[in-house]
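In: with the sequence up front, the predicted model follows.
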Amino acid sequence: MARSHYFKNVSIVEDDPNIIMSTILNYATPIQNVLLMISVLGNGLLVGSSRSLPAPVSPYLKLCVSLAAADLLTSLHLSWKSILSFINISMGMKLFTPCMFAVNESLRLSSMLCSNLHLFVLGLNHFVGTLWPIRHKVFVTTKRMRYVLINLWLIPHLVVFTWFWWSSITEFKIGNCELRFYLAFPFRLTIFLLSFIPMASTVIMYAVIVRCLTKAQTRMVRSGHSSDDPLTRKCSLESTTQKKMKLVWTSLIIVSSYCFSWGPQTIFFVTVCQSGCPITAYTEISFRTAAILSQSIQTLVVLKMAANLFIYTLRMDKFRQCIGNDLRKLKSLFNTLRNLASKVLFKYRAPLRKNVVPEFSMSPIIHDTKEFSMSPIIHEFYLDHGEISK
């Protein structure tokens, strides 16, 4: 009887949500924070090196820099959330209120929508530029591009913040942020649609772009032996098509990495919740399974953002050159600071060396016998060789 009671208590302890979440975070938090550190440094380097881009900067590069900035902000939010969860759950230190988690979650969702809209506008820019290149130059001006970038940052944050504040204004005032609307299906369905519709539209646009560019390449290959077109014009068309194709494939890699990271995140977000979702949390799916899936999907998101630096530098020559120049400048600055520090240390240690009495050695250097005493045998040795006068 006592034995069965013991195993019952052990099973209750093992099924405790805090213990389960603490165990998962002990493994997931270090991995995620290392990847987030790489993401912050990589995206920060991309944003910082953008000032060295040669003018005029194309709308495509401006959108890529803004997308890297959005991923940088998302990385900071995810890192902050990971640290908060680890301190509150794993370490058991209740230093942060639920309202702080609510604010951070609103920032995370708005950053996700911001990145999604960036990809949609990036695809739209390629779509118009490929199908209607003349109209693209008329539509996409510097002033309009500035307004588009401002709205890409403003609209997602404004929508999410307004919804969070309006739905839980009383909870924020009393400091008890339970966020019942966040755990329900309507809010999650809205976030899913705001994320899925631009993502699906972006994939469709790139499918059309690849189809059009592939047809153009096929036509150029078939007309390769024709003597009607001048050779220079033909080479120019081939070069332009190849450049467009490279940019499109680069964007497709970015979109694909986004789909395979944020896609599962939004699907899990809309299908598993506590009220109204197709899968009810903690009843139709266990807490352990939900927690493992959630942390695994979040690790995919973090891995995607850490891979941005490698995608940009391997596929874009201008970013690679700018980052290489910045790294060389940092190396030169580091060497300058190191040389300066060594000179300062040498000047500081020089006066100390003058005050230290040198130890006696058997070197042929002449020493003054008044500064130190020698043994009689050594003294006679120096006298015999005439190095010390009597």
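Out: Now that the structure is in, tell me what you want to look at.
In: Asn33 touches Ser79, doesn't it?
Out: Yes. Under the criterion of C-beta atoms under 8 Å, Asn33 makes contact with Ser79 at 6.4 Å. Any C-beta I mention is one placed from the backbone N, CA and C, and that applies to glycine too.
In: how about the helices of the stretch 151-300 of the chain, start to end?
Out: Assigned by DSSP state H, counting those that start in this stretch, the stretch 151-300 of the chain shows helices spanning 169-174, 185-222, 231-259, 262-271, 287-306.
In: for Leu109, which of those helices is the nearest?
Out: For these, proximity to Leu109 was assessed by C-beta to C-beta; helix 185-222 is nearest, at 6.1 Å.
In: now the closest one: buried residues?
Out: 185, 187-188, 191-192, 194-196, 198-199, 202-203, 205-206, 209, 213, 216 (16 or more other C-beta atoms under 10 Å).
In: in the protein, which spans are strands?
Out: 272-273, 279-280 (DSSP state E).
In: need the contact partners of the first one.
Out: Residues outside strand 272-273 that contact it (C-beta atoms under 8 Å, 6 or more residues apart in numbering) are Leu183, Ala184, Phe185, Arg188, Ile279, Thr280, Ala281, Ile285, Ala290, Leu293.
In: export the residues you listed as JSON lines, with columns for pLDDT and distance to Lys347.
Out: Formatted as JSON lines, the contacts of strand 272-273 follow (pLDDT from 0 to 100; distance: C-beta to C-beta, whole Å):
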{"residue": "Leu183", "pLDDT": "83", "distance to Lys347": "65"}
{"residue": "Ala184", "pLDDT": "85", "distance to Lys347": "69"}
{"residue": "Phe185", "pLDDT": "90", "distance to Lys347": "71"}
{"residue": "Arg188", "pLDDT": "90", "distance to Lys347": "65"}
{"residue": "Ile279", "pLDDT": "88", "distance to Lys347": "70"}
{"residue": "Thr280", "pLDDT": "85", "distance to Lys347": "72"}
{"residue": "Ala281", "pLDDT": "82", "distance to Lys347": "66"}
{"residue": "Ile285", "pLDDT": "85", "distance to Lys347": "68"}
{"residue": "Ala290", "pLDDT": "87", "distance to Lys347": "63"}
{"residue": "Leu293", "pLDDT": "89", "distance to Lys347": "61"}
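In: from those, pick the one nearest Gly263.
Out: If you rank the contacts of strand 272-273 by distance to Gly263 using C-beta to C-beta, Leu293 comes first, at 13.9 Å.
In: for that closest one, what are its contacts?
Out: Per C-beta under 8 Å, 6+ apart, neighbours of Leu293: Phe268, Val272.
In: any stretches of the stretch 101-250 of the chain with poor pLDDT?
Out: 168-176, 221, 223-241 (pLDDT under 70).
In: how about a cut-off of 80?
Out: Applying pLDDT under 80 to the stretch 101-250 of the chain flags residues 101-102, 167-179, 216-248.
In: looking at the strands of the chain, which is buried most?
Out: Each of these was assessed for mean neighbour count using mean count of other C-beta atoms under 10 Å. The highest is strand 272-273, with a mean of 20.
In: centre of the chain versus that one, how much separation?
Out: Relative to the chain's own centre, strand 272-273 is displaced by 27 Å; criterion: C-alpha atoms, centre = their mean, to the nearest Å.
In: what does stretch 286-301 give?
Out: Centroid separation between stretch 286-301 and its chain, computed with C-alpha atoms, centre = their mean, is 20 Å.
In: so what are the domain limits for the protein?
Out: With domains defined by automatic domain parsing, the chain comprises 13-315, 360-390.
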